[in-house]
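Engineer: kindly generate the corresponding structure for this input.
(chains A and B)
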Amino acid sequence: MGEVIVVTSGKGGVGKTTTTANIGAGLASMGKRVVMIDADIGLRNLDVVLGLENRIVYDLVDVTSGQCRTRQALIKDKRLEGLYLLPAAQTKDKTAVNPEQMRDLCNELQQEFDFIVIDCPAGIEQGFRNAIAGAEKLLW
Amino acid sequence: MVTTPEVSAVRDADRIIGLLEASELREPKLIINRIRPKMVKYGDMMDIDDIIDILAVDLLGVIPEDEMVVVSTNRGELVILEQRSRSGQSYQNIVRRIVGEDIPMMDLGRGDNLVSRLKKFVGLK
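Structural biologist: Numbers count the residues shown, from 1 in each chain, chains lettered A, B, ... in the order given. From the prediction side, this is the model:
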């Protein structure tokens, strides 16, 4: 069973996305299988920080709404073996996903990955509740 | 839990920790980002012990302010893959702690006044 790590802060601009990207890459460079989820729907950024913005075909909302299979939306990192990104949707908002869908998605990804690192949006509204829904007892 | 040594960020972090507890998510681990050891040394920035005292959570790591982060972010690169970057080294230590290795904390951003320097000198600290 993979471990879920949620990177959160409340305030924006303190380095959640940078931290998510570096922790994800660090774990992958140790040989772990890692998927990073950008939960900041509408204001995605993790793809740019990772230099993967040109490879996005499907996104988180496509997955949770059943428009595509989870596998199809995962973008493989170009540098590190075993590192994947599930990008956020850019043209939707936080209400496009609910906590139960996030929980199901994390359960599914936990079967295949050692670590799921979730980049939480700033604030305490639904985006935050979605992001923490997949975490059970372990939270970093 | 990521925060920076600013009162606004620390206050928000405190609120989030409360919300996490309400969701039965206990024991978050803290990362203090963008610390400037020199400013801490001169008392112009909150030091890591102040922040840990306020938030009362375990520290996972401290990342120093580093221009390399701006450069690598703009290029879609990652500091953790740059051997010589200080912030990358700090992220590396955090990752090793996550997988359970016992890595000592770097002495970044701890208050360093005359008394603590003297204590260090005579071996009390």
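Engineer: wait, does the lengthiest helix in chain B contact chain A?
Structural biologist: Longest helix in chain B by number of residues, with DSSP state H as the criterion: helix B:7-22. Yes: using C-beta under 8 Å from any C-beta of the partner chain, helix B:7-22 reaches chain A at B:S8, B:A9, B:D12, B:A13, B:R15, B:I16, B:L19, B:L20. Backbone N, C-alpha and C define where each C-beta goes, glycine included.
Engineer: buried ones among those residues?
Structural biologist: Burial by neighbour count, judged by 16 or more other C-beta atoms under 10 Å in any protein chain shown, picks out B:A9, B:D12, B:A13, B:I16, B:L20 from the residues of helix B:7-22 next to chain A.
Engineer: how about the contacts made by the fourth one?
Structural biologist: So that's B:I16. Residues counted as contacts of B:I16 (C-beta atoms under 8 Å, 6 or more residues apart in numbering or on different chains) are A:T8, A:S9, A:G10, A:I124, A:F128, B:M1.
Engineer: hmm, which two among the residues you listed are most spread apart?
Structural biologist: By the measure C-beta to C-beta, A:I124 and B:M1 form the most distant pair in the contacts of B:I16, at 13.5 Å.
Engineer: the more surrounded of these two?
Structural biologist: Neighbour totals were compared for A:I124 and B:M1, and B:M1 leads with 25 against 15 (other C-beta atoms under 10 Å in any protein chain shown).
Engineer: how many residues are close by residue 83?
Structural biologist: Since you didn't name a chain, this refers to chain A. Residues near A:L83, counting by other C-beta under 10 Å, number 27.
Engineer: sorry, I should have been clearer: chain B.
Structural biologist: 8.
Engineer: tabulate the buried ones among the residues of helix B:7-22 next to chain A (CSV), appending pLDDT.
Structural biologist: Shown next, in CSV, are those (pLDDT from 0 to 100):
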residue, pLDDT
B:A9, 98
B:D12, 97
B:A13, 97
B:I16, 96
B:L20, 94
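Engineer: my read is A:Q90 is in a helix, agree?
Structural biologist: No: according to DSSP: H, G, I helix; E, B strand; the rest coil, A:Q90 belongs to no helix; its state is coil.
Engineer: now it: closest residue in space that isn't a chain neighbour?
Structural biologist: A:R44 (5.4 Å; C-beta to C-beta, 6 or more residues apart in numbering or on different chains).
Engineer: how about A:Q67?
Structural biologist: A:Y58 (7.0 Å).
Engineer: pick out the residue closest to the middle of chain B.
Structural biologist: The residue lying closest to the centre of chain B (C-alpha atoms, centre = their mean) is B:V62, at 2.3 Å.
Engineer: on that earlier part again, closest to B:V71 among the buried ones among the residues of helix B:7-22 next to chain A?
Structural biologist: Here the nearest of those to B:V71, counting by C-beta to C-beta, is B:A9; it sits at 22.9 Å.
Engineer: surely the closest one meets A:S9?
Structural biologist: Yes: counting by C-beta atoms under 8 Å, B:A9 does reach A:S9; the two are 7.0 Å apart.
Engineer: count the residues that sit near the residue nearest to A:Q67.
Structural biologist: Count around A:Y58 with other C-beta under 10 Å applied: 19.
Engineer: contacts only, for it.
Structural biologist: Contact analysis of A:Y58 by C-beta under 8 Å, 6+ apart lists A:Q67, A:C68, A:Q72, A:A73.
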